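> need a 3D model of the sequence below.
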Amino acid sequence: MATDYRDIEIGRATARLTKRSDGTQLLETEEQLPAYPDTLIERLDHWASVAPDRVFVAERNGEGEWEPVSYGETLQRVRSLSQALLDMGLSPERPLAILSGNSTEHLLLALAAMYVGIPYAPLSPAYCLISKDFGKAKYICDLLTPGAYLVDKAADYGDALNAFAADDAEVIAIDSKGYAGGALAFESLLATPVTDAVDKAHAALTPDTIAKFLFTSGSTGMPKGVINTNRMLASNQEMLAGVMPFLKKEPPVLLDWLPWNHTFGGNHNVGIVLYNGGTLYIDDGKPTPALFERTVRNLQEISPTVYFNVPKGFELLADRLEQDDALRDRFFGDLNLMFFAGAGLAQHVWDKLDNLAVKSIGAKIGMLTGLGATETAPSAMFASLEESQSGVIGLPALGVSVKLVPNGGKLECRVKGPNVMPGYWRQPEVTAKVFDEEGFYCLGDAAKFIDPDNPQRGMKFDGRISEDFKLDTGTWVSVGPLRARIIDAGAPVVQDVVIAGLDRAFVSALVFPEREQCRLLAGLGADADISEVVKHPAVIERFQQLLRDLKASSTGSSNRVERLVLLTELPRLDAHEITDKGSINQRAVLENRAAVVDDMYQSTPSAAVIKLTD
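Numbering: from 1, shown residues only. Next up, the predicted model:
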């Protein structure tokens, strides 16, 4: 590894590339995936036996104090909860649905379901608390037919439960007050006497037993229920340990807010803790102006050994670490590695984190990148530390084969391995469409080699196949790389971008501006109306300069943006424009805002359209 990084061991695979006569390429690792347990939940038995007093999970209580639960206590509570779930008659046909966000109770009940082979499905709380029609939650629950639901405050979920919960389904609540339908108190389930039924069900688990259903974010339509088997979860954790060997040598400490209804938080991060006997501190903060101070407070007390976040979280954190030396030194003190997912990390944020780490400990802390999906549990590819940067996805994880298939001038990426799902729950026709004739899962992503003459350097992300389009000249526009380029060049005033231009003469962009930064640029207060902010001359000039900068670095019409509009209406969840994790649905935004797109292509557009000027 590079010498300017903290001295930790990072695993690195050796690539083997096979080229076929039809242009298809197969990329595999020379090394084999080490043995892994049949089930992830076996690790709870293991750690409860060898380290019963070690803290497994901790969460702040109502008084603001950390309330820890040890591995021994976790196993004891899980077994009682498992018995309660068995008594409810739950099964794959009548699974457990978890509607609330991250909490100790959520984690304990999820593990209890896994312990006896009852699948559970964590759903985004936004589907019940922010959505007005509960459309996605109702769709998912009609597909799942849950036999029980977990909520935190029953009163908050009453309308949603009335909209889709079956009459014979149990409702379990951490706070059971205020729900007319009646709810079982979570605490009462902890007193359930354990019978041999728990041991029999636990012994019957196999690698093919369904552990959970994770629903895709719905960025390309309604969510699909990804079947997560024990094999997927356990093998993926061994793949992660192959890249981060230090996880097995020292129990990891995580402070994490990432939602468990997504594979990054729920599989990747929680799995790392359980698999390696670590400790998870549930972060009650988020990378938003209203909640980030909670994360700062938590980091003042907890020093993570590995840290995961989305790019916005790292951006806010870098700014705060720059202002607070004590927080900076505590954050980097025990840290071995960082990792981000969900979008590209702007280079100026990455550089700032590097500089702050050097100032604090005299070395950089590695930031790894890769490629994964809900359907791959999630990790499928990893970059080396030397090559790691936004857009680099690296080489296959141990045990994973990557097939690169020529498609529209690009290489479409497909994967196979023990971490790949068997399919979507109760959707065989949809499942059939995403696997090819050799059993490779079609990610829908394109990739290209960093150096075609040296495959060992790995690959870069080359956009989503389904998002790319042609201009009226027949020129292909690669949306993913262009979007990343705009966000990077427009930092920090660009939050997200949607690319337009299908069958048009030139490329244009719909920009979701970073509101706080634009208000600062305009010299306006925090309460200034965004519709006025985007009209300010300083803001308009900044985005005209962005267009000029993009033109200066463009290679032709496919990556030169001629016009853009600053969108003042935030993306809408109910209109499928955004997922609850913040991913933008390109297609939905373009369809819902067709009038805005048409305006950009008028010979004399409205004043809202910012045009490229020399």
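> give the contact list for residue 507.
471, 477, 482, 499-501, 557-562 (CB atoms under 8 Å, 6 or more residues apart in numbering). Where C-beta positions appear, they are placed from N, C-alpha and C, glycine not excepted.
> for these, which one is nearest residue 194?
For those, the closest approach to residue 194 (CB to CB) belongs to residue 499, at 55.9 Å.
> ok, and the closest non-adjacent residue to the closest one?
In space, not counting the residues next to it along the chain, residue 499 is nearest to residue 479; the distance is 4.8 Å by CB to CB, 6 or more residues apart in numbering.
> so where's this structure uncertain?
Regions of the chain meeting the criterion pLDDT under 70 cover residues 1-3, 218-221, 342, 580-581, 614.
> tell me the centre residue of it?
residue 264 (4.4 Å; CA atoms, centre = their mean).
> separation between the closest residue to that residue other than its chain neighbours and residue 491?
When the adjacent residues along the chain are set aside, residue 264 lies closest to residue 341, with 4.9 Å between them (CB to CB, 6+ apart). Computed as CB to CB, to the nearest Å, the residue 341 to residue 491 distance reads 19 Å.
> neighbour count: these two, which is higher?
Taking residue 341 and residue 491 together and counting by other CB atoms under 10 Å, residue 341 has the greater number of neighbours (22 against 17).
> that one: what's it in contact with?
By CB under 8 Å, 6+ apart, residue 341 lies in contact with 264, 308, 310, 372, 378.
> what's the neighbour count on the fourth one?
Around residue 372 there are 23 other residues, counting by other CB under 10 Å.
> does it have beta-bridge partners, and which?
Each beta-bridge partner of residue 372 is listed here: residue 379, as defined by DSSP bridges.
> re the thing from before, for the residue nearest to the centre of the chain, which residues are in contact?
Applying CB under 8 Å, 6+ apart as the definition, the contact partners of residue 264 turn out to be 258, 308, 341-342, 378.
> let's see that with 7 Å instead.
By CB atoms under 7 Å, 6 or more residues apart in numbering, residue 264 lies in contact with 258, 341, 378.
> let's have these in TSV, adding distance to residue 249.
Shown next, in TSV, are these (distance: CB to CB, whole Å):
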residue	distance to residue 249
258	24
341	24
378	24
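> how about a markdown table for the contacts of residue 507, with neighbour count, distance to residue 239 and secondary structure added?
Compiled in a markdown table, the contacts of residue 507 are given as follows (neighbours: other CB atoms under 10 Å; distance: CB to CB, whole Å; DSSP: H, G, I helix; E, B strand; the rest coil):
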| residue | neighbour count | distance to residue 239 | secondary structure |
| --- | --- | --- | --- |
| 471 | 17 | 40 | coil |
| 477 | 22 | 34 | strand |
| 482 | 24 | 31 | helix |
| 499 | 22 | 33 | strand |
| 500 | 27 | 38 | strand |
| 501 | 27 | 38 | coil |
| 557 | 15 | 41 | helix |
| 558 | 19 | 36 | helix |
| 559 | 18 | 34 | helix |
| 560 | 17 | 40 | coil |
| 561 | 25 | 38 | strand |
| 562 | 20 | 44 | strand |
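> looking at those, spot the one nearest residue 223.
Proximity of the contacts of residue 507 to residue 223 (CB to CB) peaks at residue 499, which lies at 24.0 Å.
> check which helix or strand the nearest residue to residue 412 once chain neighbours are set aside maps to.
For residue 412, the nearest residue in space outside its immediate sequence neighbours is residue 405; the separation is 4.6 Å by CB to CB, 6+ apart. Secondary-structure assignment from DSSP states H and E places residue 405 in strand 401-407.
> now the following helix or strand past that strand: how far from the chain's centre is it?
Past strand 401-407, further along toward the C-terminus, the next helix or strand under DSSP H and E is strand 410-416. Relative to the centre of its chain, strand 410-416 is centred 20 Å away, using CA atoms, centre = their mean, to the nearest Å.
> alpha carbons only: can I get strand 410-416 in CSV?
Output of strand 410-416 as CSV, limited to C-alpha atoms (Å, rounded to 0.1, in the frame of the first residue of the first chain):
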residue,chain,number,x,y,z
LYS,A,410,-19.7,0.3,-23.6
LEU,A,411,-18.9,-2.7,-21.4
GLU,A,412,-22.0,-3.8,-19.4
CYS,A,413,-21.1,-5.2,-16.0
ARG,A,414,-22.6,-8.6,-14.8
VAL,A,415,-21.7,-10.5,-11.7
LYS,A,416,-21.9,-14.0,-10.2
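> may I have the strands that pair with it, each with its orientation?
Those paired with strand 410-416 in the sheet (DSSP bridges) are strand 401-407 (antiparallel), strand 441-449 (antiparallel).
> list of residues touching that strand?
Contacts made with strand 410-416 from outside it, assessed by CB under 7 Å, 6+ apart, are listed as 376, 380, 400-405, 436, 439-443, 445-448, 462, 465.
> for these, which ChimeraX command selects only the ones that are buried?
Buried subset of the contacts of strand 410-416, written as a ChimeraX selection, criterion 16 or more other CB atoms under 10 Å:
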select :376,380,400,401,402,403,404,405,440,441,442,443,445,446,447,448,462,465
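> related to what we said a few turns ago, nearest to residue 37, of the contacts of residue 341?
Using CB to CB, residue 378 is the member of the contacts of residue 341 that sits closest to residue 37, with 18.9 Å.
> correct me, but that closest one touches residue 266?
No: with contact taken as CB atoms under 7 Å, residue 378 and residue 266 are classed as non-touching, separated by 9.4 Å.
> buried sites along stretch 419-432?
Residues of stretch 419-432 classed as buried under the neighbour-count rule (16+ other CB under 10 Å) are 419-425, 431.
> so which of those are in helices?
Secondary structure of these is defined by DSSP state H; positions in helices are residue 431.
> turn the buried residues of stretch 419-432 into JSON lines, columns for distance to residue 41.
Supplementary listing: the buried residues of stretch 419-432 in JSON lines, determined by distance: CB to CB, whole Å:
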{"residue": "419", "distance to residue 41": "17"}
{"residue": "420", "distance to residue 41": "20"}
{"residue": "421", "distance to residue 41": "18"}
{"residue": "422", "distance to residue 41": "19"}
{"residue": "423", "distance to residue 41": "22"}
{"residue": "424", "distance to residue 41": "23"}
{"residue": "425", "distance to residue 41": "20"}
{"residue": "431", "distance to residue 41": "25"}
